[in-house]
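Novice: sequence unknown, structure follows:
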């Protein structure tokens with residue numbers, strides 16, 4: 001199996017739609033993450049150096065190489081964007097995660113990005129792919145383009161003069177395979193026109209088949225190999241589901257807890273109102289690029305298991321919150337001992353090919369939060385589901401908003417983890 005992950009681009013602009021896929025804005029932390037991710041996927045030890053005979057459990061692919069952090073914003077799109085990056089910023093910010101991925105993680109794959117850097121498409125940059133990755137860092141693996149990136153070099157970026165020149169530019173730069181059909185359609189013509197040599201093809205095939213051999217793809221019947229009979233039962237084991245819960249717990253951040261409002265006393269909290277468009281939507285929990293969950297617990301479902309007398313209202317017509325049911329939400333908030341508002345955004349607001357214009361909560365969400373908080377008997381708990389940050393400065397000094405939890409997109413067990421944080425202090429600390 002080849003896994004086109006991890007995404008180790010630097011999350012510099014908080015409006016970037018794919019920031020949710022990355023570790024964050026810090027090159028040092030992202031580098032450490034990259035190494036551990038790659039070692040885990042490929043079957044190495046945490047410390048590294050334990051891949052026997054170079055054999056791989058799976059092939060990790062560090063992406064998107066390099067300086068890629070824009071989808072579509074202010075008239076610019078990722079397919080033609082030319083990132084102007086100084087040598088110092090490249091060395092200090094954008095390259096360290098990829099360098100660590102290769103040198104320490106020993107990744108077997110690298111994906112070159114759509115964009116240009118200083119006028120040169122990443123997938124056609126010999127200095128980047130061959131001199132730096134293979135020459136300086138010692139990369140031994142395959143280099144793949146992002147999907148249809150090679151076609152853009154001629155058709156959109158106007159860097160190459162023809163289809164055949166685009167093929168020649170990427171192969172001679174050190175790319176081995178493209179995601180898509182472009183090389184299959186134009187490489188033969190490029191060879192016939194003398195733009196690509198047989199040695200260019202041989203090198204690409206050598207890199208590709210070496211990784212396939214390291215994966216054991218030529219070792220006989222796949223079903224008789226160590227991972228040949230895995231099923232959903234293996235994925236959804238008790239151990240793995242406990243790990244999903246642990247990850248969800250660890251990812252939640254307590255931003256505010258005035259007067260130690262949290263955790264709520266289960267004995268003293270007789271009734272609870274749960275309000276918000278993200279409170280009972282399982283799709284929001286998993287973010288993007290997620291497989292089917294084994295089972296999903298929404299925040300509402302999680303809280304109902306802890307506090308039996310729990311009532312719910314979405315408050316908004318959707319996450320976009322173009323209209324609010326203020327009368328119903330306020331009535332519900334007045335009737336309960338405590339209120340949990342589950343707000344934020346979802347993949348309709350941030351994802352691949354979609355950047356945000358601003359950082360505020362969508363539509364009338366802020367209006368709903370403040371009105372419910374004003375009406376509630378006690379200070380409310382605000383829970384945010386989002387991959388990138390949102391501006392909740394309005395809630396910081398509002399005495400009627402007692403606690404704020406940022407939960408990210410916490411996955412299948414997110415609702416249980418949120419409920420635990422609202423009602424229980426974890427042994428390892430409540431952060």
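Specialist: Nice, I can see it. Remember, it's a predicted structure, so these values are computed and weren't measured experimentally.
Novice: what mean pLDDT does stretch 224-232 have?
Specialist: Averaged over stretch 224-232, pLDDT sits at 89.
Novice: should've said stretch 23-41
Specialist: On average, the pLDDT along stretch 23-41 is 98.
Novice: Pull out the buried residues from that stretch.
Specialist: 23, 27, 30-31, 33-41 (16 or more other CB atoms under 10 Å). For the C-beta atoms, the positions are set from N, CA and C on the backbone; glycine is no exception.
Novice: distance between it and the chain's centre?
Specialist: Relative to its chain's centre, stretch 23-41 lies at 12 Å (CA atoms, centre = their mean, to the nearest Å).
Novice: Likewise for stretch 79-89?
Specialist: The answer for stretch 79-89 is 22 Å, by CA atoms, centre = their mean.
Novice: so how far is stretch 133-144 off the chain centroid?
Specialist: Centre-to-centre, stretch 133-144 and its host chain are 24 Å apart (CA atoms, centre = their mean).
Novice: Same question for stretch 191-210.
Specialist: 34 Å.
Novice: So which residues make contact with that stretch?
Specialist: Applying CB atoms under 8 Å, 6 or more residues apart in numbering, the contact partners of stretch 191-210 are 140-143, 164-165, 167-168, 171-172, 175-177, 187, 190.
Novice: Filter the residues you listed down to the ones in strands?
Specialist: Mapping those onto strands (DSSP state E) picks out 142-143.
Novice: any idea how far the nearest residue to residue 48 once chain neighbours are set aside is from residue 50?
Specialist: Nearest non-adjacent residue to residue 48, counting by CB to CB, 6 or more residues apart in numbering: residue 39, 5.6 Å away. Applying CB to CB, to the nearest Å, the value for residue 39 to residue 50 is 9 Å.
Novice: Show me the shaky parts of this protein.
Specialist: Scanning the chain for pLDDT under 70 picks out 425-431.
Novice: let's see 80
Specialist: 52, 266, 425-431 (pLDDT under 80).
Novice: which residues touch the residue nearest to residue 372 when sequence neighbours are not counted?
Specialist: Of all residues not flanking residue 372 in the chain, residue 333 sits nearest, at 4.8 Å (CB to CB, 6+ apart). Counting by CB under 8 Å, 6+ apart, residue 333 touches 273, 275, 339, 372, 375-376, 380.
Novice: Residue 105: what's it in contact with?
Specialist: Contacts for residue 105 were tallied using CB under 8 Å, 6+ apart; they are 34-39, 42, 48, 60, 62.
Novice: redo that, cut-off 7 Å
Specialist: Neighbour list for residue 105: 34-35, 38-39 [criterion: CB atoms under 7 Å, 6 or more residues apart in numbering].
Novice: Which single one of those residues is nearest to residue 291?
Specialist: residue 38 (19.5 Å; CB to CB).
Novice: Is it correct that residue 353 is in contact with residue 71?
Specialist: Yes. If you go by CB atoms under 7 Å, residue 353 and residue 71 touch, sitting 5.1 Å apart.
Novice: Centre of the chain to stretch 27-46, how far?
Specialist: Average the C-alpha atoms of stretch 27-46, do the same for its chain, and the two points are 15 Å apart (CA atoms, centre = their mean).
Novice: can you list contacts of that stretch?
Specialist: Residues from elsewhere that reach stretch 27-46, judged by CB under 7 Å, 6+ apart: 3, 6, 8, 10, 22-24, 48, 50-51, 56-60, 62, 92-93, 96-97, 100-101, 104-105, 107-108.
Novice: now do stretch 174-189
Specialist: In contact with stretch 174-189 (CB under 7 Å, 6+ apart) are residues 112, 123, 126, 129-130, 134, 142-151, 163-164, 167, 196, 204, 207-208.
Novice: List only those of those residues flagged as buried.
Specialist: So, of the contacts of stretch 174-189, 112, 123, 129-130, 134, 142-146, 148-151, 163-164, 167, 196, 204, 207-208 end up buried under the neighbour-count rule (16+ other CB under 10 Å).
Novice: Now, those residues that are in strands?
Specialist: Going by DSSP E, the strands hold 112, 142-145 from the buried ones among the contacts of stretch 174-189.
Novice: if we can go back for a sec, so which strand or helix has the residue nearest to residue 372?
Specialist: Secondary structure from DSSP states H and E places residue 333 in helix 326-335.
Novice: how far is that helix from where the chain is centred?
Specialist: 36 Å.
Novice: which of the residues in it are buried?
Specialist: Under the neighbour-count criterion of 16+ other CB under 10 Å, helix 326-335 has 326, 329-330, 332-333 buried.
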